[in-house]
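Student: pasted the sequence and its predicted model underneath.
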Amino acid sequence: SISSGGFHGYLVKPLHMEDLRIVLAMVWAQRTSQTPRLITRQVAQGEQVLGSTVHHGIDARVLVVDDNPINLRVASRNLEKLGCEVHTATDGRKALALLQERDMDLVFMDIQMPVMDGFEATHAIREREADSGVRTPIVAMTAHAMAGYRERCLQAGMDGYITKPIQLKEMTRVLHRWTSADVTPTDEPADVPTEPAESPAPEGLLGRLDAPLLDRAQLDEASGDDPEAKRELLDMLQESGTHQLAQAVDALGKHDLPQARRSIHSLKGAAATVGATRLAQACLRMESLPSEPMSAVRRWLSLSNASL
């Protein structure tokens, strides 16, 4: 609707001077184009990051470990854009097998995974490296943006920490930090951002769900503002989300609350990545419920399948 209204770009308030400068410059640069593209903050930042990467040259072999196919796809696409050789694994055990076969310059490690989680995998990697003198940088990827995770990351042997949803700019920063020839990994504490706790829900079991149904800016970020990639990610969310909802409903029916929480957590991460913020908000509140009310969520999950 913005494009059809004759606009060539937009920014979301509050405005930042650097974003404004870059967007204006890019809009002006295509003033004579017959087919100008819509310039957004995500497009501008992506061009800036890619331009910097081409100039400095990131040449790295990177392993991404995540059991969520959407997060795996977005992270892999970002790294491929940056010129990396990308390898993937869906749990810690598979990551260990890949690292046994070949060396990696950097590992992006999810925390909550089946079979072997990120903390267990990192601990096993560090034990294996103890006699070799080699240390592969490992950066956690997780939706838990809480200060308490700093200690857990350090104890497991991780070197850094980025929060989901995954951002191209953050991945680029991490790559430059840990793969530059003049940078040697140290025991410096992982950078763990803090996030204020969500206020208690005021209405009903889950409270009022007031987040936007779709955060288009986040979808632009995840897809690189590519229409085909947007469709692919939304299709993946519908397919995987339907499966995860069914898993959660089945688990609640069997009174398996840990499995229900794992399914809801996975759906939350996928929804946040593609900008389905209201669904992510609902999953966050469900995941935080104590055991007794969790069983009452079963009907809501069944109804959510149609909404998805």
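Tutor: Received it, and whenever you're ready, just let me know what you need.

Student: pull the contacting residues for the closest residue to residue 61 other than its chain neighbours.
Tutor: Leaving aside its chain neighbours, residue 61 sits nearest to residue 85 (4.6 Å; criterion: Cβ to Cβ, 6 or more residues apart in numbering). (Each C-beta comes from the backbone N, C-alpha and C, glycine too.) Residues in contact with residue 85, defined by Cβ atoms under 8 Å, 6 or more residues apart in numbering, are 60-62.

Student: now the residues you listed: which count as buried?
Tutor: 60, 62 (16 or more other Cβ atoms under 10 Å).

Student: which of the contacts of residue 85 fall within strands?
Tutor: 61-62 (DSSP state E).

Student: just to revisit the earlier point, quick check: phi and psi on the residue nearest to residue 61?
Tutor: Phi and psi for residue 85, reported as degrees, to the nearest 10, are phi -90, psi 120.

Student: make a markdown table from the contacts of residue 85 and add distance to residue 162 and pLDDT to it.
Tutor: Output for the contacts of residue 85, formatted as a markdown table (distance: Cβ to Cβ, whole Å; pLDDT from 0 to 100):
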| residue | distance to residue 162 | pLDDT |
| --- | --- | --- |
| 60 | 16 | 91 |
| 61 | 19 | 94 |
| 62 | 13 | 96 |
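
Student: ok, so of the contacts of residue 85, who is nearest residue 74?
Tutor: Residue 74 lies nearest to residue 62 out of the contacts of residue 85, by Cβ to Cβ, at 13.8 Å.

Student: partner residues bridging the closest one?
Tutor: Beta-bridge partners recorded for residue 62 (DSSP bridges): residue 86, residue 106.

Student: I figured it was touching residue 104, is that so?
Tutor: Yes: Residue 62 is within contact range of residue 104, at 6.5 Å (criterion: Cβ atoms under 8 Å).

Student: could you name every residue contacting both of the two?
Tutor: With Cβ under 8 Å, 6+ apart as the test, residue 62 and residue 104 both reach residue 87.

Student: neighbours of residue 172, how many?
Tutor: By other Cβ atoms under 10 Å, the residues close to residue 172 number 23.

Student: that one and residue 82 touch, don't they?
Tutor: Yes: counting by Cβ under 8 Å, residue 172 touches residue 82, with 6.2 Å between them.

Student: how about the nearest residue to residue 216, chain neighbours excluded?
Tutor: residue 275 (6.5 Å).
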